[in-house]
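S.K.: Fold the following, please.
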Amino acid sequence: MPKPKLGLPPLPPRSTLPHYIPNKSFCINSGTQERDYPGRAGIVNPRLADEFVRALGVRDGEFVLEMYPGVGGITRALLSGGRSASPLLQARQKAAWWNELKDQAPETPANARKPVVPKDVFPNWIETFKNAEAEVAALEEEHKGEEEDEAKVTKPKHIVVAEPNTRIRKPCFALDPLAQPTSHQTWEYVLAQRQHSQEWLDGIHPCSVDDRITVTGADPYTWETAEYMLSHPVNQPHIPVWDPNAPPGPAQHYRNWSDPEPHITYVASMPLSSVSESLIGQWLGSAVGAADGYPTWIWRWGRVRMAFLMSRWSYDVRLLCCASIAPRVTADVSA
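M.R.: Okay, here's the model as predicted:
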């Protein structure tokens, strides 16, 4: 049964989140192509996620590749244009979901130590929305006349999420179990170079509650994942064509380093581990040579912006790395 297009619902409070998405889900891999990521962390607090998104400065028509989103705190902030912490906006979203699913919400006994968590309902924390209608009424009265002008809020055109952990991906991004992922067997690079490795391609899954999101289970650790996300036919319509005379496909979106930068942003929430250090170093270092006419990886799409959510220690180390390659790299790198 198709789900209503109500958008991704607000996450439950951090204090109760482990009841619905256990903490162990973040450190146990769930697929053959997924690595073990110790120290995985993400933003759950909507206010902090909004601050990150506002600092990012989403542009008109922005296409976002989000790596390791976890439960989707930053995803929700991006979709709201940095307003996911708005109490009134959250209450209205909760009320819409409650009205749609209240008949499927479980009843937790008053003396229960833990809430009853349904396994076949999205979101499985629907019970936490039961007082949303009263919240909406109170907040609308409190903030009467203070509505924010929607026209002034800039939101991404599309977000494609790469979350390899099935235990996190399925309950957080409303993947329709009946929908088959859209395969991409014509992807130029895979067919030409990696025919023996196609098993890691997980396909692109539609988010059943928001058309602005597509999801893949491919691991960003695999070098080709980002190119796969950018070149997939499902995502290409959301990226402006730069060279209409090029052969149909990804080549129409490629740009030279000196061309105006595309409205594409690469966002990643990095774990505190050696894997994270390796990935950041490779991703940043791969830009070297692009300005000289030898772009590789995502730099074939032009000067793509990068924004990493990382530990302070990782930031200090990478700041030195960026300084060492700055004379050769002119791409914007945000931490």
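S.K.: Show me where this structure has its helices.
M.R.: Applying DSSP state H to the chain gives helices spanning 17-20, 46-56, 73-79, 87-101, 132-142, 166-172, 188-193, 225-231, 274-285, 312-325.
S.K.: And the first one, what's buried?
M.R.: By neighbour count, and taking 16 or more other Cβ atoms under 10 Å as the criterion, the buried residues in helix 17-20 are 17, 20. Bear in mind the C-beta positions are built from the backbone N, C-alpha and C, glycine included.
S.K.: Report the rounded mean pLDDT for that helix.
M.R.: Mean per-residue pLDDT for helix 17-20: 90.
S.K.: From the chain's centroid, how far away is that helix?
M.R.: Helix 17-20 sits 20 Å away from the centroid of its parent chain (Cα atoms, centre = their mean, to the nearest Å).
S.K.: what pairs with the residue lying closest to residue 229 once chain neighbours are set aside across the strands?
M.R.: The shortest distance from residue 229 to any non-neighbouring residue, by Cβ to Cβ, 6 or more residues apart in numbering, is to residue 160 (4.8 Å). Beta bridges link residue 160 to residue 65, residue 214, judged by DSSP bridges.
S.K.: Now do the contacts for residue 160.
M.R.: Going by Cβ atoms under 8 Å, 6 or more residues apart in numbering, residue 160 touches 63-66, 204, 213-216, 229, 232, 235.
S.K.: For these, point out the one with the lowest pLDDT.
M.R.: Among those, residue 204 has the lowest pLDDT, at 85.
S.K.: returning to what we had before: okay, the residue nearest to residue 229: pLDDT?
M.R.: Reading off the model, residue 160 has pLDDT 96.
S.K.: separation between it and residue 225?
M.R.: Separation of residue 160 from residue 225 (Cβ to Cβ, to the nearest Å): 10 Å.
S.K.: Against residue 166, how distant is the spatially most distant residue from the centre of the chain?
M.R.: Relative to the C-alpha centroid of the chain, counting by Cα atoms, centre = their mean, residue 111 is the outermost residue, at 37.3 Å. Separation of residue 111 from residue 166 (Cβ to Cβ): 34 Å.
S.K.: what residues do residue 160 and residue 225 have in common as contacts?
M.R.: Common neighbours of residue 160 and residue 225 (criterion: Cβ under 8 Å, 6+ apart): residue 216.
S.K.: in the chain, what spans have low per-residue confidence?
M.R.: Within the chain, the ranges that satisfy pLDDT under 70 run 1-3, 27-41, 145-151, 176-202, 314, 317-335.
S.K.: I figured residue 305 hits residue 287, correct?
M.R.: No. Using Cβ atoms under 8 Å, residue 305 is not in contact with residue 287, being 11.5 Å away.
S.K.: Tell me which of those two has more neighbours.
M.R.: Between residue 305 and residue 287, residue 287 has the larger neighbour count (other Cβ atoms under 10 Å), namely 23 against 20.
S.K.: The more buried one reaches residue 302, doesn't it?
M.R.: No. In this structure residue 287 lies outside contact range of residue 302 using Cβ under 8 Å: 11.1 Å.
S.K.: For residue 75, which non-adjacent residue is spatially closest?
M.R.: residue 69 (5.2 Å).
S.K.: Contact partners for the one you found?
M.R.: By Cβ under 8 Å, 6+ apart, the residues touching residue 69 are 42, 75, 161-163, 172, 269.
S.K.: Who wins on neighbours among these?
M.R.: The member of the contacts of residue 69 that has the most neighbours, counting by other Cβ under 10 Å, is residue 75 with 30 neighbours.
S.K.: In contact with that residue, which residues are there?
M.R.: Counting by Cβ under 8 Å, 6+ apart, residue 75 has contacts 8, 66, 69, 159, 161, 173, 213.
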